[in-house]
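Trainee: Sharing a model that was predicted from the sequence below.
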Amino acid sequence: MDKDLTLRDMLGYLKQIMVKLGLPKIRFRPGYFPYTEPSVEADVYFPDKHEWLEVIGSGMFRPELLRPLGIRYPVLAWGIGFSRLCMLKLGIEDIRDLYNNDLEWLQSRRMI
């Protein structure tokens, strides 16, 4: 939240986060989320898979939701599909494996 925040600021922050995570190819497209307007979804290119995957949903909170809370400035919101990023980086196909408690399997994936 800040007085002069814009959608452009949010896109810049999201790009920086993805670059720091080692995923420099990112593209944005319009999205829909009921509490934000404008809303944007972000796809990241994964060279190993040769495909773009959606990993971020984001937007700017609608002012009519903020006013009752006494908030007068723009508020950015986003959610990063961290589980999906972990699965891709670790080569995991089934999300249940990400939460596996099999120590031998976890050691083979260098997760512990």
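Mentor: All right, it came through fine.
Trainee: For the rest of this, base every contact and every neighbour count on C-alpha atoms.
Mentor: OK.
Trainee: correct me, but residue 66 touches residue 36?
Mentor: No. Proximity of residue 66 to residue 36 does not meet the contact threshold set by Cα atoms under 8 Å, at 10.7 Å.
Trainee: neighbour-wise, which of these two wins?
Mentor: Shown here are residue 66 and residue 36; by other Cα atoms under 10 Å, residue 36 has more neighbours (20 against 14).
Trainee: Next up, the contacts around that one.
Mentor: By Cα atoms under 8 Å, 6 or more residues apart in numbering, the residues touching residue 36 are 58, 59, 60, 61, 62, 77.
Trainee: Helix, strand or coil: sort out the second one for me.
Mentor: It refers to residue 59. Following DSSP: H, G, I helix; E, B strand; the rest coil, the label given to residue 59 is strand.
Trainee: What is the neighbour count of residue 81?
Mentor: 12.
Trainee: Tell me how far it lies from residue 62.
Mentor: Residue 81 sits 22 Å away from residue 62, going by Cα to Cα, to the nearest Å.
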